[in-house]
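1. when you get a sec, could you give me coordinates for this:
(one chain, ligands or ions: 1)
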Amino acid sequence: MENKIINLVKENQIIIISRHKNPDLDAYGAQFGLYYALKEYFPNKQIYAVGDTNSLNSFQDLDEVSEEILSNSLLFILDTVSSQMLKDDSYSRAKTVVLIDHHQNEPDIRHDLYLRNVKASSTSEMVAKMLSQNRIPYTKDSARALFMGIVGDTGRFLYSGTTSETMRIAADLIDAGVDFSDIYSKMYTETFQSKKVKSDFFHSIQLTQHKVAYHNNNIAFLQKHHLDPNYASRGLVNQMSGIEEVPIWVNFTEDSKNNVILVEIRSRSIPVVEVARNHGGGGHLLACGCQLKTWDETLIILKELDHLLEEYNG
Ligand SMILES: [Mn+2]
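-> As a prediction, this is how the structure comes out:
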């Protein structure tokens, strides 16, 4: 499959590289990792990186493309296969579509090729592997992007998705010139204010009967700390990880602009993705999410997770 994808790249003059909206580091890493490597290897092709941007973008500005370019393009969509995760429906007008993703979801995007590996730590890891299998060198910039993507999705090689292959690929990226201590010092240093937000969050964590930890990031909490809902949802969920008594934790965040409650569920070892799927979401076995309409529904999620633990504890 990796070879087929690169053959498509060779056959096409226009390549557009896209990924899910509200990008995390893996989405950026896979996108720019592929972008910089292809740009260097195929200097005569028109290659674009497109999408929305946010504070995690330490790479570069995104491109705008015309309808004409789009309709003649080979379009990569990275780190998602769900149309609802995309910024818009422009993918439907691309000539050829390739999906690369490590999530468990079934695609609802029309595509020509789909590289799927739910055992990969990250989409960045999959892109790195595809490049190396096809002997397309990592440039220094592409290696940095891919390394950051892997680090982002594995929590610095901590989470269970990390494999020996992840480590081998990371080693290759370091050999290609990644300065990981520089990356780490930027990624894992934060402001006094950010630490204070986390402290306030930690103080108001609640527990269900069977020790599901949860936090309600309601409007009051978000306004008090001037937090963006997407940051509060994904950026704070793991403040509840690593607590001995807590096998499952869930973060509820009010997104008033879109009139939904964002739900991020995490688990140390008990699969929880079914609960997310029951509510129209998805993701990984141990890290998944969905969106709800009302706070009442968050109680149902808590009940379902609590029930999982009750069964598990026998
Ligand atoms: Mn990812």
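2. and the next element down the chain from whatever helix or strand V127 lives in?
-> According to DSSP states H and E, V127 maps onto helix 123-133. Using DSSP H and E, the next helix or strand after helix 123-133 towards the C-terminus is helix 140-154.
3. which residues sit against the helix or strand hosting L8?
-> In this structure, L8 is located in helix 2-11 according to DSSP H and E. Residues outside helix 2-11 that contact it (C-beta atoms under 8 Å, 6 or more residues apart in numbering): 15, 38, 42, 45, 74, 96, 98, 100, 112-113, 115, 129-130, 133-134, 136. The C-beta positions use only the backbone N, C-alpha and C, and glycine is treated the same way.
4. hmm, which of these are the buried ones?
-> 15, 38, 42, 74, 96, 98, 100, 113, 115, 129-130, 134, 136 (16 or more other C-beta atoms under 10 Å).
5. tell me the one of those nearest L62?
-> Of all those, L62 sits closest to I15, with 14.5 Å by C-beta to C-beta.
6. ok and the residue in the stretch 201-314 of the chain nearest the ion?
-> Closest approach between the stretch 201-314 of the chain and the ion, counting by C-beta to the ion: H284, at 8.7 Å.
7. tell me the residues of the chain that contact the ion?
-> The chain comes close to the ion at residues 26, 79, 122-123, 153, as judged by C-beta under 5 Å from the ion.
8. circling back: for the record, mean pLDDT for the helix holding L8?
-> Across helix 2-11, pLDDT averages out at 97.
9. what's the neighbour count on the closest residue to the ion within the chain?
-> Going by C-beta to the ion, the ion is nearest to D26 of the chain, at 3.4 Å. For D26, the tally of surrounding residues (other C-beta atoms under 10 Å) stands at 29.
10. report the contact partners of it.
-> 79, 122-124, 149-150, 152-153.
11. nearest spatial neighbour of N216, skipping sequence neighbours?
-> Leaving aside its sequence neighbours, N216 sits nearest to F252 (C-beta to C-beta, 6 or more residues apart in numbering; 5.1 Å).
12. can you confirm the one you found is in a strand?
-> Yes. Applying DSSP: H, G, I helix; E, B strand; the rest coil, one finds F252 inside a strand.
13. longest helix of the chain?
-> helix 295-313 (DSSP state H).
14. centre of the chain to the lowest-mean-pLDDT helix or strand in the chain, how far?
-> Using mean pLDDT, DSSP states H and E, the weakest-scoring helix or strand in the chain turns out to be strand 282-283, at a mean of 88. Relative to its parent chain, strand 282-283 has a centroid offset of 11 Å by C-alpha atoms, centre = their mean, to the nearest Å.
15. which strands or helices does that strand pack on?
-> helix 273-278, strand 287-292 (3 or more C-beta pairs under 8 Å, 6 or more residues apart in numbering; DSSP states H and E).
16. and the contacts of the first one?
-> Spelled out, that is helix 273-278. 104, 263, 265, 282-286, 288-290, 301, 304-305, 308.
17. may I ask which of those residues has the most neighbours?
-> The residue in these with the most neighbours, by other C-beta under 10 Å, is I265 (28 neighbours).
18. let me know the angle separating the helix or strand hosting it from helix 295-313.
-> Using DSSP H and E, I265 maps to strand 260-267. Between strand 260-267 and helix 295-313, the angle comes out at 10 degrees (axes from the mean of the first three to the mean of the last three C-alpha atoms, to 10 degrees).
19. CA atoms only for strand 260-267, dumped as PDB, please.
-> Output of strand 260-267 as PDB, limited to C-alpha atoms (Å, rounded to 0.1, in the frame of the first residue of the first chain):
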ATOM      1  CA  VAL A 260     -22.000  20.900  22.100                       C
ATOM      2  CA  ILE A 261     -20.300  19.300  25.000                       C
ATOM      3  CA  LEU A 262     -16.900  17.900  24.000                       C
ATOM      4  CA  VAL A 263     -16.100  14.500  25.600                       C
ATOM      5  CA  GLU A 264     -12.600  13.000  25.900                       C
ATOM      6  CA  ILE A 265     -12.400   9.600  27.500                       C
ATOM      7  CA  ARG A 266      -9.100   8.000  28.500                       C
ATOM      8  CA  SER A 267      -8.400   4.600  30.100                       C
END
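20. good, wrapping up.
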